[in-house]
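Peer 1: Quick one: sequence and predicted model below, then my questions.
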Amino acid sequence: MLKLTDLFPKPTAGQAPGAVPKKEEPKIELPPLFESPEPCDFPSQDEFAPSLDFGRYWRLNYSLLSADERKAYEDMETAIRRGFSSVQVRLPPDNARLMNIAKSLIEDNWSLFYVDTSITVVTEPGRVDVCFRYNRFREEREKYLEQMKEVARNVFETRVKGCSTAYEAEMAIHDWMIENVKYDSSDQELAHSPLGPLLYGKGVCEGISEAFCFLACSCGLKTAMASGKLKSGNHRWNIVELDGDRYHLDVTSDLCGLHAYFNCSDRTIGRSHTGFKKFGCDSDRMNYYALNGGRFVNACDATAFIRDNSVAGATFEFMVENGVMPQEVTRIVRTGAGGRVSITTTHVDHRYYRVIIR
């Protein structure tokens, strides 16, 4: 027999008599967050001790954004780590502004190698969405990240572990890259990813700067990326902070074997690189040539240095801010070497030279 209570079930706790029970909203299961480092304060350089940690990155570009832009940056980062194709942002549909935010994220967080820098902005009444484009490494990103870590472990053990200063560690990673990486754009997607330089020994500026950022951050160096123009073309390089000062570092332009762009101020790198954000790189104190006594303004200032270092079997580098012709360098070297010797000179823009005497 049907009971009255069957028609009108007993109210649950906190529910008014006669009220219709509310249906529970279905829970939405979000995709898991892909592994990513966390923004962190790196140890001060006074306390530098080599350590390998894949859980850190420097939010340098983030620091230049407004509060609203930072919120969009964080929302984009979470969406990418969940593999979403797009995310809603609470900003006006300004393509240039949104592109700058996306670019800032990619140039800070080295682990987002599976997404392209380019974005698409879709607008509807009362809504702005940023759409992402993933590359072919997305589906197996865990495997590739583990391979990157294995390379970092090798670089740390063989090059960085014995370093006593952050400068030495930076030099060790820089030199490992110029010894093991060549400029190659034959596979565009690979070349623009850190996987190219780290796993295959080849890449272009985007991949090379991301690879350096990954290795440096993992080894305890405060490092991010910057971008601008080099010889009218788009270019990317790194920013490193040492002893409280920030410097530009361009590994790609040093692949010829020099240290031409090793720790440069805005003024120094601004002779060749343009259109970059100002991160406060005001010092040349830790510049490679300044520290090694090989930085000069004019060719005549460099003559004694070149002559004194020109002995059989020597290899040395120097910089002349206002430039010097290769023929003049060869003449001075021969004068210093005092005889018929084999001389190899490598130069960048007639300002940075490496001399090898056999």
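Peer 2: Sure, I can see it. Numbers count the residues shown, from 1 in each chain.

Peer 1: Settle this for me: Ile101 is touching Leu65, isn't it.
Peer 2: Yes - using CB atoms under 8 Å, Ile101 is in contact with Leu65, at 6.6 Å. The C-beta positions use only the backbone N, C-alpha and C, and glycine is treated the same way.

Peer 1: Who has more neighbours out of the two?
Peer 2: Ile101 (26 against 18; other CB atoms under 10 Å).

Peer 1: which ones are touching the more buried one?
Peer 2: Applying CB atoms under 8 Å, 6 or more residues apart in numbering, we find Ile101 in contact with 65, 69, 72-73, 76.

Peer 1: are any of these buried, and which?
Peer 2: The neighbour-count test (16 or more other CB atoms under 10 Å) marks 65, 69, 72-73, 76 as buried among the contacts of Ile101.

Peer 1: quick one on the thing from earlier: give me the subset of the contacts of Ile101 lying in helices.
Peer 2: Assigned to helices by DSSP state H, the following of those qualify: 69, 72-73, 76.

Peer 1: sorry, back to before: okay, and the common contacts of Ile101 and Leu65?
Peer 2: Counting by CB under 8 Å, 6+ apart, the residues touching both Ile101 and Leu65 are Tyr73.

Peer 1: still on that earlier bit, could you single out the nearest of the buried ones among the contacts of Ile101 to Arg59?
Peer 2: Nearest to Arg59 among these is Tyr73, at 8.5 Å by CB to CB.

Peer 1: So for Ala299, what's the nearest residue that isn't a sequence neighbour?
Peer 2: Nearest non-adjacent residue to Ala299, counting by CB to CB, 6 or more residues apart in numbering: Val324, 3.9 Å away.

Peer 1: can you count the residues close to that neighbour?
Peer 2: As a burial measure, Val324 scores 24 neighbours (other CB under 10 Å).

Peer 1: That one is in contact with Thr303, isn't it?
Peer 2: No - taking CB under 8 Å as the definition, Val324 is not a contact partner of Thr303, at 9.5 Å.

Peer 1: Can you classify the closest residue to Ser227 other than its chain neighbours by secondary structure?
Peer 2: In this structure, Ser227 finds its nearest non-sequential neighbour in Arg236, 4.5 Å apart by CB to CB, 6+ apart. Three-state call for Arg236 (DSSP: H, G, I helix; E, B strand; the rest coil): strand.

Peer 1: which ones are touching Gly201?
Peer 2: So Gly201 contacts 180-182 (CB under 8 Å, 6+ apart).

Peer 1: Format these as CSV; extra columns: secondary structure, pLDDT and distance to Val160.
Peer 2: What follows is the contacts of Gly201, written out as CSV (DSSP: H, G, I helix; E, B strand; the rest coil; pLDDT from 0 to 100; distance: CB to CB, whole Å):
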residue, secondary structure, pLDDT, distance to Val160
Asn180, helix, 98, 14
Val181, coil, 98, 17
Lys182, strand, 98, 22
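
Peer 1: who wins for neighbours among those?
Peer 2: Result: Val181 is most packed of the contacts of Gly201 (other CB under 10 Å), 22 neighbours.

Peer 1: My guess is it contacts Val204. True?
Peer 2: No - if you go by CB under 8 Å, Val181 and Val204 don't touch, sitting 10.3 Å apart.

Peer 1: Need phi/psi at Asn61.
Peer 2: The phi/psi pair for Asn61 (degrees, to the nearest 10) reads phi -60, psi -30.

Peer 1: Over to Cys300?
Peer 2: According to degrees, to the nearest 10, Cys300 has phi -60, psi -30.

Peer 1: Quick one: neighbours of it, just the number.
Peer 2: 10.

Peer 1: Okay, it and Trp176: tell me how far apart.
Peer 2: For Cys300, the distance to Trp176 equals 36 Å [CB to CB, to the nearest Å].

Peer 1: isn't Lys161 right next to Pro50, touching?
Peer 2: Yes - with contacts counted by CB under 8 Å, Lys161 reaches Pro50, the gap being 5.3 Å.

Peer 1: more neighbours, those two?
Peer 2: It is Pro50, of Lys161 and Pro50, that has more neighbours when counted by other CB under 10 Å, with 20 against 14.

Peer 1: now that one: how far from Glu168?
Peer 2: Per CB to CB, Pro50 is found 9 Å from Glu168.

Peer 1: swap in Val333?
Peer 2: Going from Val333 to Glu168 by CB to CB gives 29 Å.

Peer 1: With neighbour numbers in mind, choose between those two.
Peer 2: Val333 (23 against 15).
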